[in-house]
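Asker: what's the 3D shape of this:
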Amino acid sequence: MEFFRIKKDIPFMRHALIFNVISALTFVAAVFFLLHKGLHLSVEFKGGTVMEVKYPKAANLEGIRGTLIGMGYEEPSVTSFDTARDVMIRIPVEKGGSAANTSQRVFEALCKSEQGTTKSIDTVTEKGEHVLKSACLDVAGSEALVLQKVEFVGPQVGEELAQNGLNALVMVIIGVMIYLAVRFEWKYAVSAIVANLHDVVIILGFFAYFQWEFSLTVLAAILAVLGYSVNESVVIFDRIRENFRKQRKASVHEVIDNAITSTISRTIITHGCTQMMVLSMLFFGGQTLHYFAIALTIGICFGIYSSVFVAAAIAMWLGVKREDLIKPVKEKDETADAVV
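Answerer: Residues are numbered from 1 along each chain as shown. Purely as a prediction, here's the structure:
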């Protein structure tokens, strides 16, 4: 399917050096911000208190977030789960404070915002066990807020999650390199991995510069971007291999330019449709999906850029040629069967 077809090839490789210099400067800037500012890690990585509270009606997440900010928490994580009445609150570790004290202070502040008073009530679980839970009662004696669960995520758990995330990233990179080396050739594998790491580091650079919260959902978005960017590179590499078969007299520059030009329509359709879905998450997904959608948006934009100007250019500079993908046909020796 094509929206349009460009009849004349665009000379992308003629300007490859300029665009790769821009990429290198952007990459260096991202690394600088990562080293200078660092990532603003979420509670999952740093450790902290996780609370689950239940409201009798749909919770006002922005109101809850405002209450926590008023208590001194700069960027509290407030998300809904299961139903609109269930809210999960993540609060970073406080120096000199325990999880119990932190949760109690937060619960009392939330109860006060609902014009209620805190009280311990006896509840029965599904297993028939009696458990005391903190509840917030309004003037009429009805429950305005119930504290369902409190958990403390220690720094050790956060370090383990960070290590597992790094392991997942390394495994994806190794898997992609093996796949591309088997399907195409090692030069394509190297160029694609350089382009993918370029995308990942730039996303991390944005999060470091603006100090956006880096959570497990953002890590998931980065892993998704890796696969998405590889897919775009594979499409271009496939077309390059096809062009090597068809355009016997064309130079490497011309083959790559034609491959990129002929896939532009497909790129616009694929990435355009994906970006529309991502933008809907960005604008209507709330705080829960906000940074996830931002990471995907940055990754999609730079993924297109890197697949065209970085991956293809590096493959060209590594000396990719027709013989790398198409084995020459051996001519039959006519004198082999001759009788002397």
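Asker: Show me where the stretch 1-150 of the chain has its helices.
Answerer: 16-36, 43-46, 61-70, 99-113 (DSSP state H, counting those that start in this stretch).
Asker: Spatially central, which residue of this structure would that be?
Answerer: Taking C-alpha atoms, centre = their mean, the centroid of the chain lies closest to A221, which sits 2.0 Å from it.
Asker: Now do the buried residues in stretch 30-44.
Answerer: Taking 16 or more other C-beta atoms under 10 Å as the basis for neighbour counts, the residues of stretch 30-44 that come out buried are A30, F33, L34, L39, H40, L41, S42, V43, E44. From N, CA and C alone the C-beta is placed, and that goes for glycine too.
Asker: Distance from stretch 60-70 to the middle of the chain?
Answerer: Taking the mean of its C-alpha atoms, stretch 60-70 sits 27 Å from the chain's own mean (C-alpha atoms, centre = their mean, to the nearest Å).
Asker: And stretch 307-318, by the same measure?
Answerer: 23 Å.
Asker: try stretch 76-89
Answerer: Relative to the chain's own centre, stretch 76-89 is displaced by 22 Å; criterion: C-alpha atoms, centre = their mean.
Asker: Check stretch 64-82 too.
Answerer: For stretch 64-82, the separation from the chain centroid amounts to 23 Å (computed by C-alpha atoms, centre = their mean).
Asker: swap in stretch 50-70?
Answerer: Shown here is stretch 50-70, whose average C-alpha point lies 27 Å from the average C-alpha point of the whole chain (C-alpha atoms, centre = their mean).
Asker: May I have that stretch exported as CSV, CA atoms only?
Answerer: Taking only C-alpha atoms (Å, rounded to 0.1, in the frame of the first residue of the first chain), the coordinates of stretch 50-70 have been written out as CSV:
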residue,chain,number,x,y,z
VAL,A,50,3.7,2.1,48.1
MET,A,51,0.2,2.7,49.3
GLU,A,52,-3.1,1.4,48.0
VAL,A,53,-6.2,3.4,49.0
LYS,A,54,-9.9,3.0,48.1
TYR,A,55,-12.5,5.7,47.6
PRO,A,56,-16.3,5.2,47.7
LYS,A,57,-16.5,7.0,44.3
ALA,A,58,-14.1,7.8,41.4
ALA,A,59,-11.0,9.3,42.9
ASN,A,60,-9.7,12.8,42.0
LEU,A,61,-6.1,11.9,41.1
GLU,A,62,-5.1,15.5,40.5
GLY,A,63,-6.5,16.5,43.9
ILE,A,64,-4.6,13.6,45.6
ARG,A,65,-1.4,14.7,43.8
GLY,A,66,-1.9,18.3,44.9
THR,A,67,-2.3,17.2,48.5
LEU,A,68,1.0,15.2,48.3
ILE,A,69,2.8,18.1,46.7
GLY,A,70,1.5,20.3,49.5
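Asker: Flag every buried residue along stretch 235-253.
Answerer: Across stretch 235-253, burial judged by 16+ other C-beta under 10 Å covers V235, I236, F237, R239, I240, R241, N243, F244, A250, V252.
Asker: Show me the two of these that sit farthest apart.
Answerer: V235 and A250 (19.3 Å; C-beta to C-beta).
Asker: before we move on, the earlier item: looking at the helices of the stretch 1-150 of the chain, which is nearest to F309?
Answerer: Comparing the helices of the stretch 1-150 of the chain under C-beta to C-beta, the one sitting nearest is helix 16-36, at 4.0 Å.
Asker: Mind giving me the packing neighbours of the closest one?
Answerer: Taking 3 or more C-beta pairs under 8 Å, 6 or more residues apart in numbering; DSSP states H and E as contact, the helices and strands that helix 16-36 lies on are helix 186-210, helix 312-317.
Asker: same thing but 10 Å
Answerer: In this structure, helix 16-36 packs against helix 186-210, helix 286-305, helix 312-317, with contacts taken as 3 or more C-beta pairs under 10 Å, 6 or more residues apart in numbering; DSSP states H and E.
Asker: Lovely, talk soon.
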